[in-house]
Structure formats: C-alpha cells, structure tokens
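K.L.:
Compute the structure for the input listed below.
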Amino acid sequence: MSARLALSLGALVAIVLVCLGFYWSGRRDGVAAERPRTEAALARADVAERETEGARASAARVDVVVQRREAAAEIAATIIPQALQAEDADAPLDVDRAARLGRADRELCELAPDLDGCAADRNAR
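P.N.:
Numbering: from 1, shown residues only. Below is the predicted model of the structure:
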C-alpha cells in the first residue's frame, strides 16, 4: 500500500468521523431542544386522560341515577292507582300514623332539602 493511498484513506476516515460527530451532535442538541415540548405534550395527554376517566365515571353515575329514577317511576305508576282504589283510600289517617308520616317527611327534608315540598315545608315552620 502506498503512502499516498494510506494518507487518502486516513483523510477519508477522518472526514467521515468528523461528519458523524457533527451528525450526532446535532441529533443530541435537537433532542435536548425538543425535550420540554415533549414533556409538556405528555403532561397534557395525562390531563386529558384523567379528564376522560372523570367524564366516564360521571356518565356512569348519571346512568345509575337515571335507572333508579325510572325504576322508582315505574313502581309509583303501579302503586299509586292501586292505593287510590283501595277500600280505605278516603278514610282519615290515625293521629299516630299521621304524626309518624310527618316526622318521616321532616327527616327526609333534613336529609335532602332539594326534594319537592321541602322548601314549602321550611317556609311553613
């Protein structure tokens, strides 16, 4: 191998090594510059995932409430006509039973003041 060929190959290897060094330096600097944006995007994705989970849980709770309300409406729809057609539907209540029902109504209004009739109840007292 001649000295000229060895020198040419050495220069070529040196140029390739310098080019690779510049390439990797640029890649490293580019990654460092992108890191804050990447971390911010990951944080936004995490927040969006938590919001989605919260929305799903909220929707599930709403579904449960709607199902309970529909079940209660069905029960009331079957019981109310039967109660109105009962033999003692027009008979006055015992004093003790009326007092128990009044106490139960007051307790319900204390537990859930948003129920229909509770606001009128508070104003009457």
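K.L.:
Give me the residue at the spatial middle of the chain.
P.N.:
G54 (1.0 Å; CA atoms, centre = their mean).
K.L.:
Remind me which helix or strand that residue belongs to.
P.N.:
Element membership for G54, per DSSP states H and E: helix 3-84.
K.L.:
What average pLDDT does that helix get?
P.N.:
Helix 3-84 carries an average pLDDT of 89.
K.L.:
Stretch 90-105 now?
P.N.:
87.
K.L.:
Could I get the buried residue list for it?
P.N.:
Under the neighbour-count criterion of 16 or more other CB atoms under 10 Å, stretch 90-105 has nothing buried. C-beta: built from backbone N, CA, C; applies to glycine.
K.L.:
and it, C-alpha only, in CSV?
P.N.:
Extracted as CSV, the C-alpha positions of stretch 90-105 are listed here (Å, rounded to 0.1, in the frame of the first residue of the first chain):
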residue,chain,number,x,y,z
ASP,A,90,-110.8,8.1,51.5
ALA,A,91,-110.7,7.2,55.2
PRO,A,92,-108.8,9.6,57.5
LEU,A,93,-105.5,8.6,59.0
ASP,A,94,-104.9,7.7,62.6
VAL,A,95,-103.4,10.5,64.6
ASP,A,96,-100.3,8.4,65.5
ARG,A,97,-99.8,7.4,61.8
ALA,A,98,-100.2,11.0,60.6
ALA,A,99,-97.6,12.0,63.2
ARG,A,100,-95.2,9.3,62.1
LEU,A,101,-95.6,10.3,58.5
GLY,A,102,-95.0,13.9,59.4
ARG,A,103,-91.8,13.0,61.2
ALA,A,104,-90.6,10.9,58.3
ASP,A,105,-91.3,13.8,55.9
